[in-house]
Structure formats: structure tokens, C-alpha cells
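**Q** Take a look and give me a structure for this.
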Amino acid sequence: MNFSKMFLIIVLGSILFYSIFLFLSDVSSLELSSISFKYDYTLVILSFVVASWIPLYLRWRLLCKNLGLKISFRDDFLVYVAGFALSITPAKVGELLRTQILRNKSGIQRTQTTPLIFIEKFYDLLGAVIASSIGILYFPQIGIIVLGGFVLSIFIFILFSSKITFDKSIIILSKFKFTKKFTEPLSKSHEILRTSTKIKILTPSIILSVLYWFTISLAVFFVLKALSIDSLGFAEIASTYASSLFLGALSFLPGGLGIAEASFTGLLNLQGISLSMAVVIVIIVRLFTLWFNVVIGFIALKLAGGFSVKSSNS
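**A** Residues are numbered from 1 along each chain as shown. Sure, this is the predicted structure:
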């Protein structure tokens, strides 16, 4: 996998997208000289971004321990962080490369770890829905997004719990070109998916997922503080940010690019922030919460030997 070329293409595409995004949003109408970012907040923002990795990694270790997988902390953490570089693939499915790197380093078969990537996405969704729901009292417009997220979460839970429903879904997915490549690693994984959503694992995983969303939302909160915007409280920011990323993930675009930004901008605008300022906020937030992680993950991926990984059927 020549990830370096894919990374360059996506970065260039992102720069083009953000340029068009700024132009169409008429950001020039905003006096750029009036935008004063307080750089002393930078360390605080990055601290919360890095801190948000902790609940995600603890959740991963919990899922691995539940299956009896023994992976050295040193190798596992490096590979996990490397997965951040792959978050710019559609719906983050590029993170499946983590399973191949783990196989090379620890000898763990991909059939054991691949289902856990999808379990992580399920818990990410649940965490986002719960984090979004806290803002309904302050921002009722997101109610339909939260409701849709809950319905989708229930469907996925039933899918993971019911063998009959799961097998029928696999048959349906195998008929589509885009999803067909996922059916093989998933076809024999129902027991792992079911075991990973039992109450004893479900409860702490949800707690860690919500903790992640609250932590990363604190980073977003301080971005607004750095821009001297005090009109939104933490609850509104957390629900707005989680809702926009949820919609971005549903788009299956790399990093939710375009949909997440447009959703976040629109939701901020509905809460009284001018369109041009909302665009500036969104781009700065994405630099801290997406692209910082991607760069760190890219470095970790190279250290983990991800560029030399060859495909495997096991």
C-alpha cells in the first residue's frame, strides 16, 4: 500500500476544498485583521487533543483483553496512534491496516482484530449520539440528528447480537462493489462482535467513548475561547461538534471531508455565529482535531513499518 501517495493526494485535495470553502463562504467580508487567535491557548488545546487519545486506547485494550489477545503495550500503542493517519480514508476504513501491522508485529490473525475496528466505530457512534443529546435542551434543532443516531445504534446492536440478522446483512453487503471487500473479514466474525457488545464490555466502552467526545469537545471549546467567542457554552459546543462528525462519518468521505465542515458551519450559524466566522472556526478546529492527529499518526505509521505492509488473507 503506497500510503504516502494517497496521503499527498488527500492533503492537496483538502487544501483545494478549504480554499473553495473559504471563497464560497465569502470569508473576505469578515475583517481578517479583527480575527485575533490567542496563541497562549494552543498548548491547552493540543493537551486536550492528546488526552482524548487515552479513552480511545483504553477502550481498544479492553476489547482486546476481552478476546484474550495479548499485545505488548509498546507495539500496540504505536500501532494504535498510527491508525490516526488512516482516519482520512473513507469512514476510516483505512484503519484496517492496523490489523495487518499487528499481525506482522505480534502474530495476531486479522480475523481476530478486524471485527474490533468495526466495534470501535459502533462505540464511536454511541458516544457521539450521547454527547450530542446533552445539547438538545440548548439547541433543539439537533434533535433529529440525535434521534437518527439512536435508531442507527439500535439497528447495529441488533445486527451484532442476532446471528440470523447478521448473516442476512452479510449476504446483502456482498452484492455491492464498495462493501463486498468488507464481507469476507466480517463473515466469520459474528461471535467476536456479539462478545464485544455484552453488557460487561458495553458499559465501560460507552463510558470511555463519551469521555473521548467530552475531552475532544473541550479542545474545540478552547478554540472558540482563543477566538474570543463566548456566546456558546460547553454543552452546545460538544453536541454541535459530535453531531457534525457523525454526519461526516455517514458520508463515507475521507475524514468526512466536506460534510463534517459544512454541517459544523451550518450548526454554528444556526446558533448565532456569522457564516464567515463559523468557517474560520471550523477550519481551525479541524486543523487541531483532525490534521494534527493525521500528522502524528503518519509519523507513527512510518515508525511501525506501515508503508511496507503487504496484503494478507489471514
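**Q** for L208, what are its contacts?
**A** Neighbouring residues of L208 by C-beta atoms under 8 Å, 6 or more residues apart in numbering: 55-56, 58-59, 62, 123, 127. (Each C-beta comes from the backbone N, C-alpha and C, glycine too.)
**Q** Buried only: go through the residues you listed for me.
**A** For the contacts of L208, a neighbour count by 16 or more other C-beta atoms under 10 Å gives the buried set as 55-56, 59, 123, 127.
**Q** tell me the phi and psi of K198?
**A** phi -70, psi 160 (degrees, to the nearest 10).
**Q** Next: G68.
**A** The phi/psi pair for G68 (degrees, to the nearest 10) is phi 80, psi 20.
**Q** Next: F288.
**A** phi -80, psi -40.
**Q** for it, what are its contacts?
**A** Contacts of F288 (C-beta under 8 Å, 6+ apart): 45-46, 49, 219, 223.
**Q** Just the ones in strands from these, please.
**A** With strands taken from DSSP state E, there is no overlap with the contacts of F288.
**Q** Any of those residues buried? List them.
**A** 45, 49, 219, 223.
**Q** Which members of those residues define the maximum pairwise distance?
**A** V49 and V223 (10.2 Å; C-beta to C-beta).
**Q** hang on, the earlier thing: of the buried ones among the contacts of L208, closest to W291?
**A** Looking across the buried ones among the contacts of L208 and measuring by C-beta to C-beta, the closest to W291 is L56, at 17.5 Å.
**Q** didn't the closest one look like it was pressed against V210?
**A** No: assessed by C-beta atoms under 8 Å, L56 is found out of contact with V210, at 11.7 Å.
**Q** Just the closest of the contacts of L208 to S243, please.
**A** Closest to S243, out of all of the contacts of L208 and judged by C-beta to C-beta, is G127, at 12.3 Å.
**Q** tell me the pLDDT at S231?
**A** Per-residue pLDDT puts S231 at 88.
**Q** Who's the closest spatial neighbour of it, skipping the chain neighbours?
**A** Residue nearest to S231 in three dimensions, not counting chain neighbours: G272, with 6.0 Å by C-beta to C-beta, 6 or more residues apart in numbering.
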